[in-house]
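Enquirer: Any chance you could fold what I've pasted below:
(4 chains)
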Number of protein chains: 4
Amino acid sequence: MSGNTFGKLFCVTTFGESHGHALGCIVDGCPPGLEITAEEIQLELDRRKPGTSRYTTQRREADEVKILSGVFEGKTTGTPIGLLIENTDQRSKDYANIAEQIRPAHADYTYWAKYGLRDYRGGGRSSARETAMRVAAGAIAKKWLKQQFGIEVRGYLSQLGPIKVGKLDWSQVDQNPFFCPDADKVPEMEEYMQALIKEGNSIGARISVHASGVPAGLGEPIFDRLDADLAHALMSINAVKGVEIGAGFASVEQKGTEHRDEITQDGFQSNNAGGVLGGISSGQELIAHIALKPTSSLRIPGNSLDTNGNPIEVVTKGRHDPCVGIRATPIAEAMMALVLVDHVLRQRGQNADVEFGLKIPAGVSE
Amino acid sequence: MSGNTFGKLFCVTTFGESHGHALGCIVDGCPPGLEITAEEIQLELDRRKPGTSRYTTQRREADEVKILSGVFEGKTTGTPIGLLIENTDQRSKDYANIAEQIRPAHADYTYWAKYGLRDYRGGGRSSARETAMRVAAGAIAKKWLKQQFGIEVRGYLSQLGPIKVGKLDWSQVDQNPFFCPDADKVPEMEEYMQALIKEGNSIGARISVHASGVPAGLGEPIFDRLDADLAHALMSINAVKGVEIGAGFASVEQKGTEHRDEITQDGFQSNNAGGVLGGISSGQELIAHIALKPTSSLRIPGNSLDTNGNPIEVVTKGRHDPCVGIRATPIAEAMMALVLVDHVLRQRGQNADVEFGLKIPAGVSE
Amino acid sequence: MSGNTFGKLFCVTTFGESHGHALGCIVDGCPPGLEITAEEIQLELDRRKPGTSRYTTQRREADEVKILSGVFEGKTTGTPIGLLIENTDQRSKDYANIAEQIRPAHADYTYWAKYGLRDYRGGGRSSARETAMRVAAGAIAKKWLKQQFGIEVRGYLSQLGPIKVGKLDWSQVDQNPFFCPDADKVPEMEEYMQALIKEGNSIGARISVHASGVPAGLGEPIFDRLDADLAHALMSINAVKGVEIGAGFASVEQKGTEHRDEITQDGFQSNNAGGVLGGISSGQELIAHIALKPTSSLRIPGNSLDTNGNPIEVVTKGRHDPCVGIRATPIAEAMMALVLVDHVLRQRGQNADVEFGLKIPAGVSE
Amino acid sequence: MSGNTFGKLFCVTTFGESHGHALGCIVDGCPPGLEITAEEIQLELDRRKPGTSRYTTQRREADEVKILSGVFEGKTTGTPIGLLIENTDQRSKDYANIAEQIRPAHADYTYWAKYGLRDYRGGGRSSARETAMRVAAGAIAKKWLKQQFGIEVRGYLSQLGPIKVGKLDWSQVDQNPFFCPDADKVPEMEEYMQALIKEGNSIGARISVHASGVPAGLGEPIFDRLDADLAHALMSINAVKGVEIGAGFASVEQKGTEHRDEITQDGFQSNNAGGVLGGISSGQELIAHIALKPTSSLRIPGNSLDTNGNPIEVVTKGRHDPCVGIRATPIAEAMMALVLVDHVLRQRGQNADVEFGLKIPAGVSE
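Expert: From the prediction side, this is the model:
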């Protein structure tokens, strides 16, 4: 199966370039009977949409999604759901000058090396605009997970450059342009971002995603473990350079007595595992963290080569995000939701009849 | 496809439990004409084998591999290669007492929840013993990559608990029982491990893997990016809790001017990308890091429940690794090799005819 | 992977119902650099289009295809190609009365049993209208095969009900509304169809498809043999009830001396194999035949049940094909082309470097 | 996924050549809790085994199967089941002379063209011996289907060369060496076969397979229809040249009024559909037929070339089946069972919660 499909049973296949006619995707394998409207999908898309604050690119993307198939009288039919977003604000002229540039830390060189030619307009297929369809498909997944199991997938910005979040207050996440769960840190973030924009530079970020209500038993050892599929899903998001499950890299310095999440009749006493043991969900809160690199579209000149191999200085003048991580929260949520729904279906496929005797409470969430 | 197959074109499917009759795998899709012997595969297996130093489990695993098919007159034929390791030292009695225990941080509970029953002997399928077949399959992948492209996949221990490696001297890696590339740190590691064994505790580790000689153009955006498939592969290894590509989580605090790897006619001037841009290899050295949790089989009692939900204290008396990370280096190398060979074949499939004009030198490796 | 994707490397995923907003597909994995226009794809669609003669349904389908992505400056880029056909002539009212009918030999009951609900308008997803996207994707495949290897995929009607074609003159196939290669049989077919339409009945048909220029070596034993994948592809077309390769069911009565295609320096002396030996193409002409059942939408009443289990008489008044087989020729060609392009890519993936010494001429074509 | 894996959720991957060390397979995705023993699997293997009558090859294959993993305390655990048959009677010398021959109608040339080299001993991977593992895996599938749903998969020889079976008496099938369900035809078959063996020739056959008890709702339109996956499965068996579902090629001459299976409250009144409508099972008996070509290993000389392109006469002296179709019945049953179990799991995955109101009785079986 080629690289633009995600999932084994709940399959999302996407197409579309930044400056082509449209973006779209096909969601195949969605269980029937789910009530879904374009408006519900739009709500998630609007969370990702650029141009909503001064801290994201000012490029306008209408991102208006249409459902083309697979939904009849308001309900999914089990047949493939076609989703479409037509591109409106394309301004290809902004990008004409980069046709012969190899921008540092962009995919210009690698797409060229792979395919021998590339659609250079706005990054073409490598543009973060592609992630819109992940969010659209993820909206369907999220609704189904919520409705069938009470599973809730939520993310937040846990670090913006040097600024680490101090507390996790879910009610704050949608109250600021950063998806920051710590209201006290918001002013600091605003100040930091303003300085950064002035400087013409960019910064990395760390996003965390949680799923609560995940039943024990999801994940397909040994290669399609739940954590492995999550790592795949999250690392496939543009600009992601690292993925952690639970304690992640902190595990390196933990002793066994510290890391092992002991269990009492009240449930798990800690969650270093991040909700996955042996590649299978444990019923604990599922937790992942990702690192996003700073965007490389900068006003500050950088050294590179042109496509003839001559040295050039690259300066980006277009509209770009100073911190791509800010808008990544809904994308990361979507990818976790897609992994979960796929694994619910896979688990039902093989193990629909399984019963087991003991439900350990989720216990401590983090 | 079920969870025990890895790869799209170079496919490895494994079977076997810790204390069953045998472990085995099928390597399907291997290009024909590769000279390979059981002895060559054995060399890689011996690097992973336990019992070779006092810092790994004293359990003996002969791990003697046989080639059952797919090789004729010393060469691969293109048909599936069957590999088999018979289990010899099974001592199931050691494990009988854990049949009704839910060991903290083990897969006991999750396998039970998933399948409704489990082979509790030595962890059954969730045992790290399963990774032997990854190493065996990886040995074939490594040889082919070396021979066809000069690609070399090598790993090392970059951190043992609190002890970080100071320098990377590849010639040292196989000179000590830790795969440590910094001879100066070996005595400190020995001391640390001895204290740990005495304490009955365990510790996490960080492993780094590099591939040199990787051509530009490997990776299948947008979901099967090279880095996403690497994350999948590496996170699927037992005990892994985090994966980084290149700068990884350090990217979070990097500014764009710092992270972007500038390019001159001498090649890339830094390698924060870890060899992947837009999900496609750039021709730079491919670099990944993984975090391994401390093993949870400890002599120090831990709280948990039995399968009836009653509180118990779990104490492990069997033979176990105080640091599973130590033996993970060959496994991580194997998984990176499997990802690379699969992507070479995928790239040839779609893009065999592609030519492009500019080869940027790999430049700075890290 | 869910059921709406075809192919392993050259992957086609489709969506769309007969009376929804649109039909569409994503062609993923197409090699880059292929010149392709919407007009070229349209030419193939027009061959399948209904309403072109009195022997097919009079329903109008504009079937105007748009390329939404994956093509830049007239050439494929290697990224997914999005194709869209908007539905225009939807007349859902024609179908309102069938919401509670279980039409005999239709998919009404089975879709309902599978999904618990169904889009009953015009058969929804089970409508033959779905095949338009196969033809569209197949047009890309056909062009690439022709250009890269000189492979030509062509089909014809070999039997219409009781009327068997006597000779194979490729130049005649597009000269009559039946894709009949034997001009002498056309008047008989016209007469037969007119009587049938008058009667309100329908009839089955047999279609044959050939590919010339296929190189030896395509096909992936043991399960993804070329003939097995062809059987999969062709049997997935609406109304197909049988698939033959080469001599097909005639092999049952053949002796070994008769069936085996002997070889001389002039090539193969017969082609009972239909171009496939051991699941791999032999370099002979690739030949498949399919049986299509008569459509079940008839003016003559048939006994059935309604969705409450009450006996009913079903009469179809809408616009329907008296012989669905007539329009199946371009669809069968498309499916064979999709199988071939997929196997060319798979073959390059594993065996790009293979050389062998002896090219046997294709020899006798049938 | 490479060509040696069958199934999406219930996956069978096989390896092994005719004269290698062993044949084996991995059955991945089998639901847990199924009681299964090597003896039960052996019973099915013995039905396929050569050397049991004078009408099959006299080659001895012990075909003794071992279960290496995935079964604990007599029950499947849900983890991969490793099965192994060691080769004992290898007599490679019989085949040494064919190393440089291209035997007509064999896979010698095509394997060579594909891979550039081949294991010529006994046909290597292309040998019918490979089908033993299909039967072994199918035995597990059959037991599960029977136990969970009462589904029974049974096959018979419906035609041996010119001799068509007159009646279907299931109780006769295992009472003669032909799997012939019509006792009256057995003497005629014996006589025919004896003459054939004397002549040194071979003959084709037609095998029919039925599954009763199949619930409505299995099959994944539009590409992975139940009939399409069956066609794939059955055409992948060695020597198969044609596949029919239900009325098959007879549909070509049927009118719509004749073909459509009318429905009353007693169920379906005929079964031209063969149990599949719109690619989904209807609850009727599932029926498929296959055509097997005559084996091409003959004592009667045939013209061909050697690997240098020189004309040769090929004469086969080894032990071979005069009618490979005779032993194909258990293989065809196995493949139908594998398709069914895979589709049951896929159906549960997506549609586990689906309920629908009307169960139409299976009605007339053929």
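Enquirer: which residues touch the residue of the stretch 151-300 of chain A found nearest chain B?
Expert: Closest to chain B within the stretch 151-300 of chain A is A:Gly278: 2.4 Å, counting by C-beta to the nearest C-beta. Quick note: C-beta positions are derived from backbone N, CA and C, even for glycine. By C-beta atoms under 8 Å, 6 or more residues apart in numbering or on different chains, the residues touching A:Gly278 are A:Gly219, A:Pro221, A:Arg225, B:His106, B:Ala107, B:Thr110, B:Tyr111, B:Ser126, B:Asn238.
Enquirer: could you pick out which of those are near chain D?
Expert: Among these, the residues that sit close to chain D (C-beta under 8 Å from any C-beta of the partner chain) are A:Pro221.
Enquirer: Identify the residue with the minimum pLDDT among the contacts of A:Gly278.
Expert: Lowest pLDDT within these is found at B:Ser126 (91).
Enquirer: Report the contact partners of the closest residue to chain C within the stretch 251-366 of chain A.
Expert: For the stretch 251-366 of chain A, the residue closest to chain C is A:Leu345, as judged by C-beta to the nearest C-beta, at 9.5 Å. Listed by C-beta under 8 Å, 6+ apart, the contact set of A:Leu345 reads A:Leu9, A:Phe10, A:Gly29, A:Pro31, D:Gly349, D:Gln350.
Enquirer: Tell me which residues touch the residue lying closest to the residue of the stretch 151-300 of chain A closest to chain B once chain neighbours are set aside, please.
Expert: Distances taken as C-beta to C-beta, 6 or more residues apart in numbering or on different chains place B:Ala107 nearest to A:Gly278, at 2.4 Å, with adjacent residues excluded. B:Ala107 is in contact with A:Pro221, A:Leu277, A:Gly278, A:Gly279, A:Ile280, B:Gly123, B:Ser126, counting by C-beta under 8 Å, 6+ apart.
Enquirer: Check the residues you listed against C:Asn272 and report the nearest one.
Expert: Proximity of these to C:Asn272 was ranked by C-beta to C-beta; the top entry is A:Pro221 with 47.0 Å.
Enquirer: State the distance from that closest one to B:Glu262.
Expert: 42 Å (C-beta to C-beta, to the nearest Å).
Enquirer: the more surrounded of these two?
Expert: Under the criterion of other C-beta atoms under 10 Å in any protein chain shown, the comparison of A:Pro221 against B:Glu262 puts A:Pro221 first, with 25 against 18.
Enquirer: Please name the residues that touch whatever residue of the stretch 151-300 of chain A ends up closest to chain C.
Expert: The minimum distance from the stretch 151-300 of chain A to chain C, using C-beta to the nearest C-beta, falls at A:Asp224 (13.1 Å). By C-beta under 8 Å, 6+ apart, A:Asp224 lies in contact with A:Lys8, A:Gly279, A:Arg346, B:Ser2, B:Gly3, B:Ser236.
Enquirer: again, only this time at 6 Å
Expert: By C-beta atoms under 6 Å, 6 or more residues apart in numbering or on different chains, A:Asp224 lies in contact with B:Gly3.
Enquirer: per-residue confidence for it?
Expert: For A:Asp224, pLDDT reads 98.
Enquirer: now do A:Lys143
Expert: Per-residue confidence at A:Lys143 stands at 98 (pLDDT).
Enquirer: Could you check how far it is from chain B?
Expert: For A:Lys143, the distance to chain B (C-beta to the nearest C-beta, to the nearest Å) stands at 22 Å.
Enquirer: now swap in A:Gly363 and tell me
Expert: Here the criterion is C-beta to the nearest C-beta. By it, A:Gly363 lies 12 Å from chain B.
Enquirer: In space, what's closest to that residue - neighbours in sequence excluded?
Expert: A:Gly267 (2.7 Å).
Enquirer: what's the neighbour count on the one you found?
Expert: Neighbour tally, A:Gly267, other C-beta under 10 Å: 17.
Enquirer: What residues does it make contact with?
Expert: A:Ile360, A:Pro361, A:Ala362, A:Gly363.
Enquirer: can you rerun that using 8 Å?
Expert: Residues near A:Gly267 by C-beta under 8 Å, 6+ apart: A:Gln284, A:Ile360, A:Pro361, A:Ala362, A:Gly363, A:Val364.
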